[in-house]
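Trainee: here is a sequence together with a model predicted from it:
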Amino acid sequence: MKKFLKLSAVAALATATLAMAGTLDDVKKAGVLKCGVNTGLPGFSEADSKGTWRGLDVDYCRALAAAVLGDASKVKYVPLNAKERFTALQSGEIDVLSRNTTNTETRDTALGINFAGVMYYDGQGFMVPKSLGVKSALELDGATVCIQAGTTTELNLADYFRSHKMKFKAITFDTNDQVTKAFEAGRCDVLTTDASGLYATRTKLANPDKYVVLPEIISKEPLAPAVRHGDDQWFDIAKWVRNALVTAEEKGITSANVDEAKAKSTDPEVKRLLGVEGDMCKNIGLDKECFYRVIKQVGNYGEIFERNVGKNTPLKIKRGLNQLWNKGGILYSPPFR
Amino acid sequence: MAVYPTIPPKEPPLGERGAIAWVRHNLLSSPYNIAFTILGIGILYLIIPPFVKWAFLNATWTGHSKADCHPGGACWIFIRAKLDMFFFGFYPHDQLWRPKTVIATIVALVAASKFIKGFNKLKIALIVMFPIYAYILLRGGYFGLSPVETSKWGGLLLTLVIASVGIVLSFPIGIVLALGRQSKLPIIKSMSVFYIEFVRGVPLITVLFMASVVLPLFFPEGVNFNKLARALIGITLFEAAYVAENIRSGFQAIPKGQYEAADSLGLSYWQKMGLVILPQAIKVTIPNLVGTFISLFKDTSLVMIIGLFDLLAMVTVTANDRDWLGMDTEGYVFAAFIFWIFTFSMSMYSKRLEKKLDTSKGK
């Protein structure tokens, strides 16, 4: 009920501010992109020892800033928790929300936001102590489950258990850290969150080898950056910056060889992407080299993935679904034409 | 003349002096006492050796990355690597000299105040000037200092800013509210009572949450009221109600004769309150006030929920760095230690103040 009230309050506001536009001008005038990120999710949004933000979600903000402002560093990061993220986007506190947010029907419509293409295909999984002797999520009838409040995780869990006629007892916490600590302390049998989070959580545990991630993935969690309703130009920019990252990987353009590709490539789509031909950037209201700068300063999707969550990072997440469509994954971008 | 040497008093028997006596009287004086002593030792045995082992014996003190830490012990190099973040949050790294200067100034002023006796104009001037000086230095934008937005302030710096502003501002507001509650004017009295009772009936976390999530929905698009200012206003107004009740308890502890004596001397209301009642009332309430301020200091951690990064929130942030995953415990122990240093020195200071202001002749 409480959740419903909150949702309707935000939705009411969303209709009230529908007529608002001009985010691009606002961002250009401010000279800085205000980007909502997670307060701390390893690999996606985290601060290093100097207080610099980094991660996959953070790199999307940087890419957007590179396209719009010409400089990937011109981002003001606004760390948000799960509850306040939509209000922050609605109220204009941030220009774009890049905070491991699952694209769902309700959010996309009633909440008054638009999702600009998936940055990471995630899905909810389970982790249990090996000592429990459980091999499949279907054996979890009657289990106590630790979850984070206010996320889609909670709802998926209820759906999954109900559809398999199993019972569970949920213990909810406000932050991911609390969930982890409670799980480690044995307050629950099962920890459930998005698979990406499970791997990060596992490295945090004192004895990672004592725990296993179960094979079942019980939900689709397409994590996507989001913008407000009512500003189609800004929505286009957000979408096509994401598509540029994917297309660049597809075409084998990296931050290292982008200059060479720009000078020599004969592929017409590469030429259009990098601003040698066509009006790709002009169509979304930016200057000719907007996507070139994105690749030059931030890199393509593959680079971003490997740098933040890939096999050389402590997270060691495999590409899986997040591989390009022509290499076994489902990562796809409409053509630049 | 015969000399009668005085026989020196005999020493008490062995069981009644020194450490043995202390143990007998304090730890083993009755069967219950013995049982509790054993229980206490048992609990300490369960807690202390593993902690010492973790925090000191098996701990890692030198190195540069998580790989240098051996498992089974604390990894204190994490604290060293993240020290700047614990203390100053996201304050720009090349500008760290600014908060450091402010802290050095505080230390210098506290040391100097030992030599300036009494409460004179110089001290008042310093107290008034210091917040302006600190704000200009931290916030920048003047005198060629690059501006640093308050959203970048964090860590212990933010904790101190919130706590000190909250304490300094809630105190006078609290006094006014307490006076209002004692007032004979019905409107002022009922307004004060309503405010105090209303605020005390609401948890601080609700006040902060309203300030961060609900308030922005009522502002026109694009108007963004500074988050830190929102938190400061919320905390100050919240804390003022508690201070008011503390001071009211002081008013009620003052004998009626004091009020009547002041009246019969022909003092005006403000003279009576300012010269006779308030000084005594505040003195009586020092322990309570300090208790309130200590809880305020700890309550500052709640600003985490509105996306401000105090010391405790910085622990969460730093422990999510992919290069240092799993260091939460070290961070929390460190934060607890820092909080303890501050709250303990506050209660020590209050003890000293009580002694200094004690005018009772019974001692």
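Mentor: Now that the structure is in, tell me what you want to look at. Numbers count the residues shown, from 1 in each chain, chains lettered A, B, ... in the order given.
Trainee: any idea which element the one residue in the stretch 251-363 of chain B that gets nearest to chain A lies in?
Mentor: For the stretch 251-363 of chain B and chain A, the shortest gap (CB to the nearest CB) falls at B:Asn320, measuring 3.2 Å. C-beta coordinates here come from the backbone N, C-alpha and C atoms, glycine included. For B:Asn320, there is no helix or strand it lies in under DSSP states H and E.
Trainee: now do the contacts for the closest residue in space to it that isn't next to it in sequence.
Mentor: Leaving aside its sequence neighbours, B:Asn320 sits nearest to A:Gly40 (CB to CB, 6 or more residues apart in numbering or on different chains; 3.2 Å). Applying CB atoms under 8 Å, 6 or more residues apart in numbering or on different chains, we find A:Gly40 in contact with A:Glu46, A:Ala47, A:Pro79, A:Asn176, A:Asp177, B:Thr316, B:Val317, B:Ala319, B:Asn320.
Trainee: can you give me the distance of A:Gly40 to A:Leu33?
Mentor: Distance, A:Gly40 to A:Leu33, by CB to CB, to the nearest Å: 20 Å.
Trainee: strands along the stretch 51-200 of chain B, start to end?
Mentor: For the stretch 51-200 of chain B, the strands defined by DSSP state E, counting those that start in this stretch occupy B:154.
Trainee: so stretch B:78-89, near chain A or not?
Mentor: Yes: counting by CB under 8 Å from any CB of the partner chain, chain A has neighbours in stretch B:78-89: B:Ala81, B:Lys82, B:Asp84, B:Met85, B:Gly89.
Trainee: on that earlier part again, quick one: the residue of the stretch 251-363 of chain B closest to chain A and A:Leu41 touch, right?
Mentor: Yes: using CB atoms under 8 Å, B:Asn320 makes contact with A:Leu41 at a distance of 6.5 Å.
Trainee: which SS class is B:Asp299?
Mentor: helix (DSSP: H, G, I helix; E, B strand; the rest coil).
Trainee: same check on A:Thr172?
Mentor: strand.
Trainee: and B:Ala211, by the same measure?
Mentor: With three-state DSSP as the basis, B:Ala211 sits in helix.
Trainee: OK, now which residue of the stretch 151-300 of chain A is nearest to chain B?
Mentor: Nearest to chain B in the stretch 151-300 of chain A, going by CB to the nearest CB, is A:Lys204, at a distance of 4.1 Å.
Trainee: pLDDT value on the residue nearest to that residue when sequence neighbours are not counted, please?
Mentor: Residue nearest to A:Lys204 in three dimensions, not counting chain neighbours: B:Gly326, with 4.1 Å by CB to CB, 6+ apart. We note a pLDDT of 77 for B:Gly326 in this prediction.
Trainee: same thing with the one 3 residues further on?
Mentor: Reported pLDDT at B:Thr329 in the predicted model: 84.
Trainee: are we agreed that it is in a helix?
Mentor: Yes: B:Thr329: assigned to a helix according to three-state DSSP.
Trainee: give me the number of residues near the nearest residue in space to it that is not next to it in sequence?
Mentor: Nearest residue to B:Thr329, sequence neighbours excluded (CB to CB, 6+ apart): B:Ala74, at 7.5 Å. Applying other CB atoms under 10 Å in any protein chain shown, we find 23 other residues in the vicinity of B:Ala74.
Trainee: quick one: contacts for B:Ala74?
Mentor: Taking CB under 8 Å, 6+ apart as the test, what B:Ala74 contacts is B:Trp54, B:Ala55, B:Phe56, B:Asn58, B:Ala59, B:Thr60, B:Thr329, B:Glu330, B:Val333.
Trainee: would you turn those into TSV with neighbour count?
Mentor: Output for these, formatted as TSV (neighbours: other CB atoms under 10 Å in any protein chain shown):
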residue	neighbour count
B:Trp54	16
B:Ala55	15
B:Phe56	12
B:Asn58	14
B:Ala59	18
B:Thr60	17
B:Thr329	17
B:Glu330	26
B:Val333	17
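Trainee: can I get those in JSON lines with distance to A:Glu250?
Mentor: As requested, those are exported to JSON lines (distance: CB to CB, whole Å):
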{"residue": "B:Trp54", "distance to A:Glu250": "50"}
{"residue": "B:Ala55", "distance to A:Glu250": "52"}
{"residue": "B:Phe56", "distance to A:Glu250": "55"}
{"residue": "B:Asn58", "distance to A:Glu250": "50"}
{"residue": "B:Ala59", "distance to A:Glu250": "49"}
{"residue": "B:Thr60", "distance to A:Glu250": "45"}
{"residue": "B:Thr329", "distance to A:Glu250": "44"}
{"residue": "B:Glu330", "distance to A:Glu250": "43"}
{"residue": "B:Val333", "distance to A:Glu250": "48"}
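Trainee: any low-confidence regions in the stretch 101-250 of chain B?
Mentor: B:117-119, B:213, B:216-217, B:219-224 (pLDDT under 70).
Trainee: try 50 this time
Mentor: Across the stretch 101-250 of chain B, nothing is flagged by pLDDT under 50.
Trainee: ok, which stretches of it are helices?
Mentor: With helices called from DSSP state H, counting those that start in this stretch, the stretch 101-250 of chain B shows them at B:121-139, B:155-182, B:186-200, B:204-209, B:215-218, B:227-253.
Trainee: with chain A instead?
Mentor: Counting by DSSP state H, one finds helices in chain A at the ranges A:2-16, A:23-30, A:56-69, A:85-90, A:105-108, A:152-163, A:176-184, A:195-204, A:232-250, A:258-264, A:268-273, A:280-283, A:290-298, A:301-308.
Trainee: about what we covered before: so of the residues of stretch B:78-89 next to chain A, which ones are in helices?
Mentor: Mapping these onto helices (DSSP H) picks out B:Ala81, B:Asp84, B:Met85.
Trainee: leaving out chain neighbours, which residue sits closest to the spatially most central residue of chain A?
Mentor: The centroid of chain A falls nearest to A:Asn100 when counting by CA atoms, centre = their mean (3.4 Å). Distance criterion CB to CB, 6+ apart; nearest residue to A:Asn100, sequence neighbours excluded, is A:Leu223 at 4.8 Å.
Trainee: ok, that neighbour touching A:Ala116?
Mentor: No: using CB under 8 Å, A:Leu223 is not in contact with A:Ala116; the gap is 11.5 Å.
Trainee: what comes into contact with the helix or strand hosting B:Ala262?
Mentor: Element membership for B:Ala262 (DSSP H and E) is helix B:256-264. Around helix B:256-264, the neighbours that count as contacts under CB under 8 Å, 6+ apart are B:Gln271, B:Lys272, B:Leu275, B:Val276, B:Ile277, B:Gln280.
Trainee: can I get those in a markdown table with secondary structure, distance to A:Thr254 and pLDDT?
Mentor: Formatted as a markdown table, the contacts of helix B:256-264 follow (DSSP: H, G, I helix; E, B strand; the rest coil; distance: CB to CB, whole Å; pLDDT from 0 to 100):
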| residue | secondary structure | distance to A:Thr254 | pLDDT |
| --- | --- | --- | --- |
| B:Gln271 | helix | 79 | 90 |
| B:Lys272 | helix | 80 | 89 |
| B:Leu275 | helix | 78 | 89 |
| B:Val276 | helix | 79 | 88 |
| B:Ile277 | helix | 76 | 88 |
| B:Gln280 | helix | 76 | 89 |
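Trainee: what about stretch B:36-49, average pLDDT?
Mentor: Rounded mean pLDDT across stretch B:36-49 is 93.
Trainee: does that stretch reach chain A?
Mentor: No: on the criterion CB under 8 Å from any CB, stretch B:36-49 is out of touch with chain A, staying 15.9 Å away.
Trainee: what does that stretch contact?
Mentor: Here stretch B:36-49 has contacts from B:Leu27, B:Leu28, using CB under 8 Å, 6+ apart.
Trainee: what does the stretch 1-150 of chain A put close to chain B?
Mentor: Proximity of the stretch 1-150 of chain A to chain B (CB under 8 Å from any CB) is limited to residues A:9-10, A:13, A:17, A:20, A:26, A:39-43, A:46-51, A:76, A:78-81, A:83-84, A:87-88, A:90-93.
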